[in-house]
Each structure stands twice: as C-alpha cells, then as structure tokens.
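> using only what follows, build the 3D model:
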Amino acid sequence: MTKNGTFSHIVIPAKAGIQEKDDFFNGLLAGQRRRWMVPDSSRWKCFAFVPETGKTVPKDPEEIPDCIRQGIVFWLDIEAPTPEDAQWLKRVFDFHDLALSDLLNNGTRPKQESYGDVLFTVFGAVNLNPGEEVLDTINLNLFLTAAFIVTTHCKPIGTIQSVSQIAESQAGLFSKGTDYVYYMLLDGVVDRYFDVIDEIEDEIDELEKRVFDNPARDIQEKIFETKRKITYARRTIGPKRDALRDLVYAEFPQIKHETRTHLRDVLDHVLRINDALESHRELLNGLMESYMTQISNRMNEVMKQLTIIATIMLPLTFLTGLFGMNFDRIPGLHWEFGFWFLLLVMGAIAVATFWFFRRKRIL
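As a prediction, this is how the structure comes out:
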C-alpha cells in the first residue's frame, strides 16, 4: 500500500480461490481503514478547497484520505494533540519525528525547519482564554506543503477561529495557495499582540495619574508588575522576529514570492511591537524615577516641618530647663509674676521664630 492510499505490488497465491481472494482484499482494506482511522475527531477541524465551485468547505477528518488521493488542497487543525494524534500524523503524512515531538511540547521556541517538502514552523500565540495569563503563550505548530497545511495547538487560539471563519465565508481563499493561509495564521497571531500593547498602555496611563496625583505605596508594586509583563512580552516577540526574517529573506520552496511580500508586512508588525514595548519599558523607568522623586519630596517636606517645630521648641525647652533646675536662689524664682512673665517671653520667642521662617519663605 502506497502513501496515497493505493495498493501496489500485491502478490496473491495463484491457486487461491474466490473466497480466499475476497478475504485477502478485505484484510487489506481493513488494514487501510485502521491506518486512516482518526483517534478523536471532536478536536479536529478540516477545510478543503473545491476547485469546481471555488469555495472552501468543511470536511470530516475521516475524508482526509480521499482529499490526499484526489489531490484536494486542505487545512487540518488539531487542538490539544495527543501522542495518538502524533502517531496518526506520522502514519498518514510521514512527518519527521523531531517535528512531532515539538508539537507535543508547548515550550518549544519559535522556529522553522525544512523536512523534505514539508516546512515546519513553531509560532507562539498570546493566550486570550478566560481566566488565564495573556502572555502564557500557546505554541501554534504549522506543517506546510503545496498540497495541504496542518496546524496543532495545545489550547484554543482565537486566530484559528477567525481564519477558519474567513475560509468558510470568503470564496477562493485556498485558491491563493496553502502558503497564503499560512501567512494569514502568522499575521493573526502577531496582530493579537497589539491587544496586549493597548492593555499595557492603559496600565501606564493609570499609573501616571496615580504617581502625580496620589503616590500610594502600592504603585511601586504595580510598576514592577507592568515591567515584568513588558519584559516577558519582549522575550516572546524576539524569537518571532528572527523566525520571520528567515521566512522573508531565505528561500523556502513552500512559500511563493508574493506570499513572502505579505510576510514582510508581518515582520514589520513585529518590529513595531518590539519598538512599542521598548518605548513603554523606558517610560516605566521614567515613571519609577518620578515616583521615587515624589516620595523623596514628601519625605523632605515632612523633615522640613519637623525641623521647624524642633527649631521653635529649642529655646523654649532651654528656658523651661533653666528655670526648672533644683536651686533655691534663681533670679525671679520667687517673684509673684515670674511664671506668667516666663510664659510671655516663651510666647514671644515662638512668635518671633515663626515670623522669621515666614519672612524667609520657609513656611
């Protein structure tokens, strides 16, 4: 049995009867069905291009063998692939073992590798699933040939849903080639990063207001949290830049020149995102310095007030200490109006000191 599902070099015993021949072919067909049997089609989606109508239609994954035999261009997407799925892909498409091991590992860095006529690409997508960390990226694995494109991912990716909707609604999408669908998937993954950029910008705007209006203690923690998000985003976008440069400037037979032009636009988006993240990181550094300056100014203001109070109290403390000494013969100690006179002098000193500070514009 060949890879396209046909039989060749079948040797049947010459003396075999009709029943034996039927059993022989039934056994071959049963083996072929087991070979093509999909492990769990509920996690699979398949779209095929119908040349007669020029439309893209959903296909049952069980029909993939027919698409391969008839040379129909198709896109197969598998969510949360299992080792059984990887074995099926090995049997049907003969993908390289290294590529199949990568699709089961969500920690693989973005890259592209050529295995014969198959271009294998790993591209990280932001995680927009409810209740999960946005920058906990989900690897989108793509197997590209001129005849088909196969994608896998461990969790739902919004780009897959949007491109599949476009494929169903837009007639002739696959007529532009599987590499154009490949470009649309990469472009959709990159464009989702602009949502992250917008979220970071909103956080920075809010932090700026709080720093200059009411620099509370928790602002420093918020600034470091936003910086951590920016650092992680830059760490995930950097390998994508390198991978896209290879796709744009290197020669891959699976990608046409026109599609390479579109990929150059995706590379431009990645560079813009990287520049925006760098700009936001510098802005946060400046915001942190402004926050520390605000805190320092508030501390200086408190210290100034305490210093003024201490300066006013210093002569008063001296007088009370002087007349509070345990001696009998202190001038004015037994004077009838001595206490009230001392209070008057102390009040005059306090008023004079206060007036001095106001005149010097210290208060």
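
> does residue 352 count as helix, strand or coil?
helix (DSSP: H, G, I helix; E, B strand; the rest coil).

> for it, give its distance to residue 241.
70 Å (CB to CB, to the nearest Å). To be clear about C-beta, it is placed using only N, CA and C from the backbone, and glycine gets the same treatment.

> the two: which has the busier surroundings?
residue 241 (15 against 11; other CB atoms under 10 Å).

> would you check that the more buried one makes contact with residue 272?
No - using CB atoms under 8 Å as the test, residue 241 is too far from residue 272 to be in contact (10.8 Å).

> what's the neighbour count on residue 297?
Residues near residue 297, counting by other CB under 10 Å: 11.

> next: the one 4 residues further on.
Burial of residue 301, expressed as a neighbour count using other CB under 10 Å, amounts to 10.

> same question for the one 5 residues further on.
Using other CB under 10 Å, residue 306 has 10 neighbouring residues.

> what are the buried residues along stretch 265-282?
Neighbour counts using 16 or more other CB atoms under 10 Å place 266-267, 269-270, 273-274, 276-277, 280-281 of stretch 265-282 among the buried residues.

> now it: how far from the chain's centre is it?
Its chain's C-alpha centre and that of stretch 265-282 lie 13 Å apart, by CA atoms, centre = their mean, to the nearest Å.

> avg pLDDT for that stretch?
What stretch 265-282 shows for mean pLDDT is 93.

> do the same with stretch 158-175
81.

> flag every buried residue along it.
Buried, per 16+ other CB under 10 Å, within stretch 158-175: 158-160, 163-164, 167, 173-174.

> farthest pair within the buried residues of stretch 265-282?
266 and 281 (22.8 Å; CB to CB).

> on contacts alone, who are the packing partners of the helix or strand harbouring residue 242?
Here residue 242 is covered by helix 219-249, with elements defined by DSSP states H and E. Helices and strands touching helix 219-249, by 3 or more CB pairs under 8 Å, 6 or more residues apart in numbering; DSSP states H and E, are strand 111-115, strand 118-125, helix 178-213, helix 257-323.

> ramachandran angles for the nearest residue to residue 123 once chain neighbours are set aside?
Spatially, and ignoring its direct neighbours in sequence, residue 123 is nearest to residue 140 (4.9 Å; CB to CB, 6 or more residues apart in numbering). The phi/psi pair for residue 140 (degrees, to the nearest 10) reads phi -100, psi 120.

> quick one: buried residues of stretch 101-117?
Buried residues in stretch 101-117 (16+ other CB under 10 Å): 102-103, 106, 110, 112.

> same check, this time on stretch 283-290
283-284, 287-288.

> show me what secondary structure element comes after the helix or strand of the chain with the lowest mean pLDDT.
Least confident helix or strand, the chain: helix 18-36 with a mean of 48, by mean pLDDT, DSSP states H and E. Counting by DSSP H and E, the next helix or strand C-terminal to helix 18-36 is strand 44-50.

> for that next one, packing partners?
Looks like strand 44-50 contacts strand 55-59, helix 64-70, strand 74-79, helix 158-169 (3+ CB pairs under 8 Å, 6+ apart).

> could the ones you listed go into JSON lines alongside distance to residue 131?
Output for the helices and strands packed on strand 44-50, formatted as JSON lines (distance: least, CB to CB, whole Å):
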{"stretch": "strand 55-59", "distance to residue 131": "29"}
{"stretch": "helix 64-70", "distance to residue 131": "34"}
{"stretch": "strand 74-79", "distance to residue 131": "18"}
{"stretch": "helix 158-169", "distance to residue 131": "15"}
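
> nearest to residue 245, out of those?
Using CB to CB, the helices and strands packed on strand 44-50 put helix 158-169 closest to residue 245, at 20.8 Å.

> can you give me the angle the helix or strand hosting residue 87 makes with strand 74-79?
Assigned by DSSP H and E, residue 87 belongs to helix 83-93. Counting by axes from the mean of the first three to the mean of the last three CA atoms, to 10 degrees, helix 83-93 lies at 170 degrees to strand 74-79.

> hmm, who's touching the next helix or strand after helix 83-93?
The element immediately downstream of helix 83-93 (helix or strand, assigned by DSSP H and E) is helix 97-103. Contact with helix 97-103 is made by 81, 86, 89-90, 108, 113, 115, 118, 120, 122, 139, 141, 143, 152, as judged by CB atoms under 8 Å, 6 or more residues apart in numbering.
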